[in-house]
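Chemist: Have a look; sequence and predicted model below, questions after that.
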Amino acid sequence: MKFWINNNNKEQSVVAANKLRGQLLDAGLVLDRRDPKLVISVGGDGTLLSTFHAYAARLDKVKFLALHTGHLGFYSDWTDTEIDDLAQRIIKCQDNIPSTSYPLLDVTVENKEGAAFHGIAINETVVRRLSSLTMKSRIDLDEEFFESFRGDGLCFSTPTGSTAYSKSVGGALIHPKISVFQMIEIASINNRVYRTISSPIIIPHNQQVDLYPQIADDYVISCDGITTKLKNVKKITIKLNYQRAQFAQYRHRHFWTRVETAFLGQDEKK
Ligand code: NAP
């Protein structure tokens with residue numbers, strides 16, 4: 001089976017990646033950067049994001065696996081203390097990799113000339129204006145007018161991204177089994193003149209959000225932290241992508257346990 005390992009520069013990640021790579025090569029697996037069946041990210045959730053974007057054009061061919069060098073991450077089922085066990089499972093299941101899949105965001109931007117940008121995100125897409133200027137935009141939900149937004153910007157997150165930036169700006173936590181995305185207003189202006197719903201909104205997989213910015217210049221769109229500056233923006237559409245990210249799942253980790261461990265870490269008896 002062809003595989004590739006992408007690790008961050010931390011010494012702990014380099015050591016873990018070398019150990020795992022060695023065990024897989026010894027068992028006859030083949031390193032292939034261009035056309036791997038399994039791509040292993042060694043580092044943090046941030047490393048998984050860059051690994052995902054490096055293979056975003058090959059989503060139908062690739063399964064991702066994240067090994068965390070630290071605490072357990074939201075995309076990783078394994079830490080670097082468990083490399084021997086993980087290597088054995090990868091070697092054993094080469095022909096039929098057990099897997100699960102997660103929804104992805106799809107964002108397109110149109111200007112006067114037509115399509116200006118297309119991106120996908122596994123965590124979130126954030127739309128805002130350059131500097132701290134107020135973003136003013138009509139928002140349509142499911143192709144019907146919903147509200148006139150004024151504020152810092154808008155965050156759209158996937159279920160797996162709901163524990164990342166989305167959580168910091170007041171989004172709901174969404175179980176990754178649910179095929180939806182959410183829209184969160186970032187610092188919306190609400191007074192007697194301007195009114196927005198203000199609550200995070202959960203949108204089903206077959207609906208989309210269309211933004212029609214009033215001021216077209218100086219927009220910044222970020223997909224998982226990768227930012228693109230855009231001018232003359234006419235319309236921004238956010239929906240779920242037709243493809244999902246496939247993750248190898250050699251064992252199952254309970255999502256709510258991950259949430260509890262990451263954010264609460266409390267003793268049950270307290
Ligand atoms: P980064 O260093 O790659 O990540 C920033 C932090 O977000 C790290 O602690 C990372 O965990 C964590 N993270 C990433 N995805 C996560 C997820 N799905 N659930 C829970 N935590 C997650 O930073 P970056 O390159 O600037 O941006 C990448 C991502 O970081 C963005 O997609 C955004 O969601 C997140 N971020 C969050 C905030 C915030 O909460 N205020 C601000 C900026 C960026 P690891 O330590 O395991 O890598």
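Modeler: Structure received. Residues are numbered from 1 along each chain as shown.
Chemist: going forward, measure contacts and count neighbours with C-alpha atoms only.
Modeler: Will do.
Chemist: The ligand contacts on this structure?
Modeler: Residues of the chain that fall close to the ligand, judged by CA under 6 Å from any ligand atom: 44-46, 73-74, 123-124, 160-161, 163-165, 168, 224-225.
Chemist: residues near Leu105, how many?
Modeler: Residues lying near Leu105 (other CA atoms under 10 Å) number 25.
Chemist: residues touching it, list them.
Modeler: Contacts for Leu105 (CA atoms under 8 Å, 6 or more residues apart in numbering) come out as Ile120, Ala121, Ile122, Glu124, Thr125, Ser157, Thr158, Phe181, Ile238, Lys239, Leu240, Asn241.
Chemist: Now do Ser188, the pLDDT please.
Modeler: Note on Ser188: pLDDT of 97.
Chemist: Tell me where the longest helix sits in the protein.
Modeler: helix 11-26 (DSSP state H).
Chemist: List the buried residues in it.
Modeler: By neighbour count on 16 or more other CA atoms under 10 Å, the buried set for helix 11-26 is Gln12, Ser13, Val14, Ala16, Ala17, Leu20, Arg21, Gln23, Leu24.
Chemist: next one: stretch 102-112
Modeler: Tyr102, Pro103, Leu104, Leu105, Asp106, Val107, Thr108, Val109, Glu110, Asn111.
Chemist: Show me where the stretch 51-200 of the chain dips below the pLDDT cut-off.
Modeler: Along the stretch 51-200 of the chain, no part satisfies pLDDT under 70.
Chemist: Show me where it has its strands.
Modeler: Along the stretch 51-200 of the chain, counting by DSSP state E, counting those that start in this stretch, strands occupy 63-68, 76-79, 99-111, 114-121, 124-129, 135-141, 144-157, 180-188.
Chemist: Out of the ones you listed, which one sits most buried?
Modeler: strand 63-68 (a mean of 27; mean count of other CA atoms under 10 Å).
Chemist: What is the burial count for the closest residue to Ser162 other than its chain neighbours?
Modeler: Nearest non-adjacent residue to Ser162, counting by CA to CA, 6 or more residues apart in numbering: Leu173, 5.2 Å away. Leu173: 19 surrounding residues under other CA under 10 Å.
Chemist: What of Ser132?
Modeler: 10.
Chemist: Then His254?
Modeler: His254, neighbours per other CA under 10 Å, totals 8.
Chemist: for it, phi and psi?
Modeler: phi -70, psi 130 (degrees, to the nearest 10).
Chemist: Look up how far Tyr75 lies from it.
Modeler: Look at His254 and Tyr75: by CA to CA, to the nearest Å, they are 12 Å apart.
Chemist: One more: Ser137?
Modeler: Counting by CA to CA, the gap from Ser137 to Tyr75 is 33 Å.
Chemist: so Lys37 touches Lys61, yeah?
Modeler: Yes: here Lys37 reaches Lys61: they are 6.3 Å apart, a contact under CA atoms under 8 Å.
Chemist: Have a look at those two and say which one is more surrounded.
Modeler: Neighbour tally, Lys37 and Lys61, criterion other CA under 10 Å: the higher count belongs to Lys37, 19 against 12.
Chemist: That one - nearest residue in space that isn't next to it in sequence?
Modeler: Counting by CA to CA, 6+ apart, the residue nearest Lys37 is Val62, at 5.0 Å.
Chemist: That neighbour - how many residues pack around it?
Modeler: Counted with other CA under 10 Å, Val62 comes out at 21.
Chemist: Select only the buried ones of the residues of the chain next to the ligand in PyMOL?
Modeler: To isolate the buried members of the residues of the chain next to the ligand in PyMOL, using 16+ other CA under 10 Å:
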select buried, resi 44+45+46+73+74+123+124+160+161+163+164+165+224+225
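Chemist: out of the residues of the chain next to the ligand, what pair is the most spread apart?
Modeler: Gly44 and Ser168 (18.3 Å; CA to CA).
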